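**Student:** sequence plus the predicted model coming up.
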Amino acid sequence: MGSNYSLLASNISIEFLNENSNIYETGQNIHGFIEFNDDNNNNQIEHIIIELIGELVYTNYRRKGRSTLVTTHQVPFFIQIINLNMKKQEKKLTFNFYLNDYLPSSFEQNHFQGSYIHYFIRIRSLDNQLKKDFPIIIKRPLEILQGKFLEIENKNLDNIQLKFLLKNNLTFIGQHLPFQIDLHNPNHRTIHRISVTLIQLRKLGPIKEERTIILKENLINFNKFQDEHYSQHFQIHIPYGINSSCSYFIPNKSFQWLIFVQYEIYIKVHIRGINKNTSFTIPIVINHETDVTLPSNYDSQSTV
């Protein structure tokens, strides 16, 4: 890009006419102004293209001999275009886009070279020598998610029985998830600790499912616990900055992408000896609001 076009791109600004600035929900309109702030360079272009783009970015790895070929794909799945002819000395252009209801939320990268979904408004000239992107964040409206009562038991080879009780497996971003653990240790084996891991399972389009550890911590560290019974209430904090549980398709003429986000917690009792640990996995549902449908047996007054 030539120096004049670079200078012109640096003098383009955008104003979103929205109380949340560049954060929108599907089903809404994105409207605002594009402004050119440099009088000297404003006359260099006559035609402006404004695009709203939703794009999936993912990486493929392929072995070739002793090397690994890394290919990054940037696949647009949603494009709206506005073509505008600029009048002489015109400094401000208006734009308006509609966000279809089926669109997925924005998804950040979970790890280096991980997949993500992002949206942006691109302003460019007809010859593409002028180009500047402005990011926006898309969220889906609140969905009613159903929770349920869970009671799970497991027993290892030493007859150590682990029981997990969860009054409601529906929880919320930024809040605590309470649960109860009961241990029956009839042979008085040595137990060192109980750990918990919160795992996100995510699939974005054509790539394989991603498993990401959101948090991992010890619920309790024992000093060589050997009693026959142990029972305790615990809770974990659901962190901010994660996507809500969801599952839906992106329709397209040439493909249909499955998008889903699921969560599970992995409870493990660490016992002295080889292959004697006992554990299990519990599915949970995470929402970003508290306006939800609770199961009929949920006790709203229960505490941990």
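**Tutor:** Here it is on my side, so go on.
**Student:** how near is the spatially most central residue of the chain to Glu228?
**Tutor:** Of all residues in the chain, the one closest to the mean position by C-alpha atoms, centre = their mean is Asn243, 3.4 Å from it. According to C-beta to C-beta, to the nearest Å, Asn243 and Glu228 sit 43 Å apart. Placement of C-beta: from N, CA and C, glycine included.
**Student:** tell me the contacts of the residue nearest to the centre of the chain?
**Tutor:** Residues near Asn243 by C-beta atoms under 8 Å, 6 or more residues apart in numbering: 105, 107, 202, 261.
**Student:** surely it is in a strand?
**Tutor:** No. With DSSP: H, G, I helix; E, B strand; the rest coil as the criterion, Asn243 is located in coil rather than a strand.
**Student:** how far off centre is the strand or helix carrying Ile284?
**Tutor:** Taking DSSP states H and E as the criterion, Ile284 maps to strand 278-287. On the basis of C-alpha atoms, centre = their mean, to the nearest Å, strand 278-287 is displaced by 18 Å from the centre of the chain it belongs to.
**Student:** about what we covered before: what would the contacts of Asn243 look like in a markdown table with neighbour count, pLDDT and secondary structure?
**Tutor:** Compiled in a markdown table, the contacts of Asn243 are given as follows (neighbours: other C-beta atoms under 10 Å; pLDDT from 0 to 100; DSSP: H, G, I helix; E, B strand; the rest coil):
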| residue | neighbour count | pLDDT | secondary structure |
| --- | --- | --- | --- |
| Ser105 | 18 | 90 | coil |
| Phe107 | 19 | 91 | strand |
| Arg202 | 21 | 93 | strand |
| Val261 | 20 | 93 | strand |
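**Student:** pick the one among those residues closest to Pro141.
**Tutor:** Nearest to Pro141 out of the contacts of Asn243 is Ser105 (C-beta to C-beta; 10.2 Å).
**Student:** residues contacting that closest one?
**Tutor:** 117, 138-140, 243, 246.
**Student:** taking those residues one by one, which sit in strands?
**Tutor:** Secondary-structure check on the contacts of Ser105 using DSSP state E: residues within strands are 117, 138-139, 246.
**Student:** please parse the protein into its domains.
**Tutor:** 3-139, 150-287 (automatic domain parsing).
**Student:** lowest average confidence across the ones you listed, which one?
**Tutor:** Comparing mean pLDDT over the domains of the chain, the weakest stretch is domain 3-139, at a mean of 84.
**Student:** ok now that domain, how far from the chain's centre?
**Tutor:** Put simply, domain 3-139 sits 21 Å off its chain's centre (C-alpha atoms, centre = their mean).
**Student:** please apply the same query to stretch 198-210.
**Tutor:** Relative to its parent chain, stretch 198-210 has a centroid offset of 10 Å by C-alpha atoms, centre = their mean.
**Student:** swap in stretch 226-239?
**Tutor:** 28 Å.
**Student:** could you double-check that Ile238 sits in contact with Pro178?
**Tutor:** No. Contact between Ile238 and Pro178 fails when scored by C-beta atoms under 8 Å: they sit 11.4 Å apart.
**Student:** hang on, Asn20 in a helix?
**Tutor:** No. In this structure, Asn20 is coil, not part of a helix, as judged by three-state DSSP.
**Student:** contacts for stretch 244-264, please.
**Tutor:** Residues outside stretch 244-264 that contact it (C-beta under 8 Å, 6+ apart) are 56, 77, 102-105, 140, 143, 145, 173, 198-206, 214, 243, 281-288.
**Student:** correct me if wrong: Pro239 contacts Ile214.
**Tutor:** Yes. Pro239 lies in contact with Ile214 (C-beta under 8 Å); the separation is 6.4 Å.
**Student:** in terms of contact, does Arg202 touch Glu209 like I think?
**Tutor:** Yes. Arg202 lies in contact with Glu209 (C-beta under 8 Å); the separation is 7.0 Å.
**Student:** ok so, going back, now the ones in strands among the contacts of Ser105 in a markdown table, with distance to Asn96 and neighbour count?
**Tutor:** Formatted as a markdown table, the ones in strands among the contacts of Ser105 follow (distance: C-beta to C-beta, whole Å; neighbours: other C-beta atoms under 10 Å):
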| residue | distance to Asn96 | neighbour count |
| --- | --- | --- |
| Ile117 | 23 | 25 |
| Ile138 | 16 | 22 |
| Lys139 | 19 | 17 |
| Cys246 | 27 | 18 |
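**Student:** and those residues, which is closest to Phe234?
**Tutor:** Distance to Phe234, by C-beta to C-beta, is smallest for Cys246 among those, at 26.8 Å.
**Student:** tell me what the nearest residue to Gln161 once chain neighbours are set aside is bridged to.
**Tutor:** Closest residue to Gln161 apart from its sequence neighbours, by C-beta to C-beta, 6 or more residues apart in numbering: His184 at 4.1 Å. Using DSSP bridges, the bridge partners assigned to His184 are Gln161, His229.
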